[in-house]
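Visitor: Got a predicted structure plus its sequence, pasted below:
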Amino acid sequence: MKKIATLSSFLLLVMLFQFCTKTDSPSISNTTKTTVTPVRTFTSYNYLDTYPAHIQEALATSDNTPSTNPITNDGANLGRILFYDKQLSRNGTTSCASCHQQQNSFSDSAVLSRGLDGAFTTRHSMALLNIRFYKSGKMFWDEKAASVEKQALQPIINHIEMDLTLEQLETKVKSLTYYPSLFQKAFGTSLIDSALIARALSQFERSIVTYQSKYDRVKQGLEIFTTAEAAGEQLFLTVPANRTCASCHNPPMFITSSPSAPFGLDDANDLGINNRGNFKSSSLRNVSIRTNLFHNGSVVNVQEMLNAGNPGTGKQAIPSHFLRTADIANMMAFLNTLTDRTILTEAKFSDPFAL
Ligand code: HEC
Ligand code: HEC
């Protein structure tokens, strides 16, 4: 009742306001008349999904969400808008999504990504899937950011990527009329600062979890693997004999911050983690629909990765990452079951500025 009363008095006020402006308008000349643009509104979504049991188990042991920044719907909704907002770059051309495209599993199909003035990044864009399952929370191919929150502002201050100072960022976000109320909802304050921007972005990113693949339906007993897929899973769990794929890409999210051994693709130009030639790997989910893999994007696709070193390929085998020709089709069949296409089009992960 109280709500209806407040609502009707609000409507009354709006009507009165319109009436007043109407009667006033003749005194204002048409050319100088200022139009009040309505504050932009966005659809809100639910980000608090109930994950199937096998995913919840993985979350219990590997979640990097800090107690100071749990995912809330209002936080992730705000994060989505920030993630897609090109105003967060110096010249208004580039958002996080420019290089982390939904249709490409939040990576970029190109080898390297184009920044705000056309210059390219020095590494391949990472797929932002299941990043909350990277227990240590360390981000970037060389793990140089200590947490998702600490990573979130790096692309904004990076001169090639978005190129704003934190001060300019705060001023910009404050000047956009749609933000104060969104920060109010998400954090109970309309005092916007870069720390809150980082928190909202992190909440959105952590909500990007793939759990609707064939692999997930099989783990829930809702479907079964074909013979080839089952054989591929066995290979994944048992080869290479001394150090299995699974020991560095842990199921069910196919990601781990404590692999059985360090690894990195040979690269004279990039020495990765602590300059030791090693790199992290992001989640292998959706990897069979991605192109230009590894930190420098030099491996065209999974098929080529597994086949390198076999007779006729003319390529050198990648250590730990090749199979006998006879096994490749089965491994491919298995990796295909990790593909979750819902994530590529789901509205809650899509561009809120698209018409
Ligand atoms: C111009 C392209 C570009 C833009 C814009 C960009 N990124 Fe990235 N992103 C990359 C590249 C390239 C990497 C890998 C960089 C590296 O490891 O040195 C990366 C890595 C990341 C990672 C690390 C993922 C992991 O698993 O370690 C996260 C998280 C991320 N970006 C989030 C963001 C956010 C949030 C924004 C917007 C504020 C953003 N990116 C804007 C290209 C971009
Ligand atoms: C010793 C640990 C280790 C083992 C064993 C291993 N990997 Fe990897 N894998 C990595 C690391 C680290 C990277 C990223 C390296 C880089 O970019 O330089 C990677 C990259 C990949 C990529 C590219 C991912 C991307 O996002 O670009 C695929 C696909 C992959 N591995 C699949 C496999 C398969 C299949 C096997 C088993 C045949 C396997 N891996 C065995 C550690 C390992």
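Guide: Ah, there it is. Residues are numbered from 1 along each chain as shown. Ligands and ions are numbered 1, 2, ... in the order given.

Visitor: near ligand 1 at all, stretch 246-263?
Guide: No. Using C-beta under 6 Å from any ligand atom, stretch 246-263 stays clear of ligand 1, with a minimum separation of 8.4 Å. Any C-beta I mention is one placed from the backbone N, CA and C, and that applies to glycine too.

Visitor: Equivalent analysis for stretch 50-64, please.
Guide: No. Using C-beta under 6 Å from any ligand atom, stretch 50-64 never reaches ligand 1; the gap is at least 10.5 Å.

Visitor: per-residue confidence averaged over that stretch?
Guide: Averaging pLDDT along stretch 50-64 yields 98.

Visitor: ditto for stretch 200-211
Guide: The predicted confidence, averaged over stretch 200-211, sits at 98.

Visitor: Also stretch 78-98?
Guide: 98.

Visitor: Tell me the buried residues in it?
Guide: Neighbour-count burial for stretch 78-98 flags 78-90, 94-98 (criterion: 16 or more other C-beta atoms under 10 Å).

Visitor: and the end-to-end length of that stretch?
Guide: Terminal residues of stretch 78-98 lie 18 Å apart, using C-alpha to C-alpha, to the nearest Å.

Visitor: and the buried residues of stretch 78-98, which of them are in helices?
Guide: Within the buried residues of stretch 78-98, residues falling in helices by DSSP state H are Leu78, Gly79, Arg80, Ile81, Leu82, Phe83, Tyr84, Cys96, Ala97, Ser98.

Visitor: any idea how far Leu182 is from the closest residue to ligand 1 within the stretch 201-350 of the chain?
Guide: At 4.3 Å from ligand 1, Ser282 is the closest residue in the stretch 201-350 of the chain, using C-beta to the nearest ligand atom. For Ser282, the distance to Leu182 equals 29 Å [C-beta to C-beta, to the nearest Å].

Visitor: Check which helix or strand the residue of the stretch 201-350 of the chain closest to ligand 1 maps to.
Guide: Ser282 is located outside every helix and strand, with elements delineated by DSSP states H and E.

Visitor: I'd say it and Ser125 touch.
Guide: No. Using C-beta atoms under 8 Å, Ser282 makes no contact with Ser125, being 10.3 Å away.

Visitor: Pick out whichever of the two has more residues nearby.
Guide: Ser282 (24 against 21; other C-beta atoms under 10 Å).

Visitor: From Leu293, how far off is that one?
Guide: As judged by C-beta to C-beta, Ser282 and Leu293 stand 10 Å apart.

Visitor: what helices or strands is the helix or strand where Lys172 lies leaning on?
Guide: Assigned by DSSP H and E, Lys172 falls within helix 166-175. With contacts taken as 3 or more C-beta pairs under 8 Å, 6 or more residues apart in numbering; DSSP states H and E, helix 166-175 sits against helix 154-157, helix 194-206.

Visitor: In TSV: those helices, plus mean neighbour count and distance to ligand 1.
Guide: As requested, the helices and strands packed on helix 166-175 are exported to TSV (neighbours: other C-beta atoms under 10 Å; distance: least, C-beta to the nearest ligand atom, whole Å):
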stretch	mean neighbour count	distance to ligand 1
helix 154-157	20	3
helix 194-206	23	5
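
Visitor: Just put these in JSON lines and tack on distance to Lys214.
Guide: As requested, those are arranged in JSON lines below (distance: least, C-beta to C-beta, whole Å):
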{"stretch": "helix 154-157", "distance to Lys214": "33"}
{"stretch": "helix 194-206", "distance to Lys214": "24"}
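
Visitor: between the ones you listed, which gets nearest to Pro66?
Guide: With C-beta to C-beta as the measure, helix 194-206 is the member of the helices and strands packed on helix 166-175 nearest Pro66 (8.8 Å).

Visitor: Compute the inter-axis angle for that closest one and helix 166-175.
Guide: 80 degrees (axes from the mean of the first three to the mean of the last three C-alpha atoms, to 10 degrees).

Visitor: Quick one: list the elements packing against helix 194-206.
Guide: So helix 194-206, by 3+ C-beta pairs under 8 Å, 6+ apart, packs with helix 73-84, helix 148-152, helix 166-175, helix 179-187.

Visitor: buried set for the following helix or strand past it?
Guide: Of the helices and strands lying after helix 194-206 in sequence (DSSP H and E), the nearest is helix 214-219. Buried positions in helix 214-219, judged by neighbour count with 16+ other C-beta under 10 Å: Lys214, Tyr215, Asp216, Val218, Lys219.

Visitor: From the ones in helices among the buried residues of stretch 78-98, list the ones also adjacent to ligand 1.
Guide: Okay, of these touching ligand 1 (C-beta under 6 Å from any ligand atom), that's Cys96, Ser98.

Visitor: Return the member of the ones in helices among the buried residues of stretch 78-98 nearest to Glu57.
Guide: Once C-beta to C-beta is applied, the member of those that ends up nearest Glu57 is Gly79, at 25.7 Å.

Visitor: unless I'm mixing things up, the closest one is touching Ala198, no?
Guide: No. Contact criterion C-beta under 8 Å: Gly79 and Ala198 do not qualify, at 9.6 Å.

Visitor: do you know how far the closest residue to Ser109 other than its chain neighbours is from Gly314?
Guide: Distances taken as C-beta to C-beta, 6 or more residues apart in numbering put Thr291 closest to Ser109, at 5.2 Å, once the chain neighbours are dropped. The spacing between Thr291 and Gly314, counted by C-beta to C-beta, is 19 Å.

Visitor: Closest one of the ones in helices among the buried residues of stretch 78-98 to Thr189?
Guide: Leu78 (12.2 Å).

Visitor: Next one: that closest one from ligand 1, what distance?
Guide: The gap separating Leu78 from ligand 1 is 13 Å, by C-beta to the nearest ligand atom, to the nearest Å.
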